[in-house]
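Chemist: Sequence and computational prediction follow.
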Amino acid sequence: MLQLAVLAAGFVYVYGVWKFWTGFNRTNFSNGRLHLSLLWPVFLISNKSYRQNFNRALKG
């Protein structure tokens with residue numbers, strides 16, 4: 001059961017990285033695509049502006 005939870009969490013993480021990476025051009029950010037994509041869970045929790053931009057990236 002734990003393996004399934006870890007696998008699901010990994011899938012969600014990779015999906016978030018991919019969606020933000022491909023939708024980066026819809027955000028207000030001009031650089032930092034790699035670190036903003038890889039650290040999306042941290043920024044999503046802690047930064048309101050990032051949450052708004054993350055949602056923009058996902059909608060495309």
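Modeler: Good, I have the coordinates. In this text, all values refer to a predicted model and were calculated from it rather than measured experimentally.

Chemist: now the helices for this protein?
Modeler: In the chain, the helices defined using DSSP state H lie at 2-22, 33-38, 40-46, 48-59.

Chemist: Mind giving me the packing neighbours of the second one?
Modeler: Helices and strands touching helix 33-38, as assessed by 3 or more Cβ pairs under 8 Å, 6 or more residues apart in numbering; DSSP states H and E, comprise helix 2-22. Yep, even glycine has a C-beta here, placed from its N, CA and C like the rest.

Chemist: quick one: residue 25 from residue 56, how far?
Modeler: Separation of residue 25 from residue 56 (Cβ to Cβ, to the nearest Å) stands at 10 Å.

Chemist: Comparing these two, which residue is more hemmed in?
Modeler: Between residue 25 and residue 56, counted using other Cβ atoms under 10 Å, the more crowded position is residue 56 (17 against 10).
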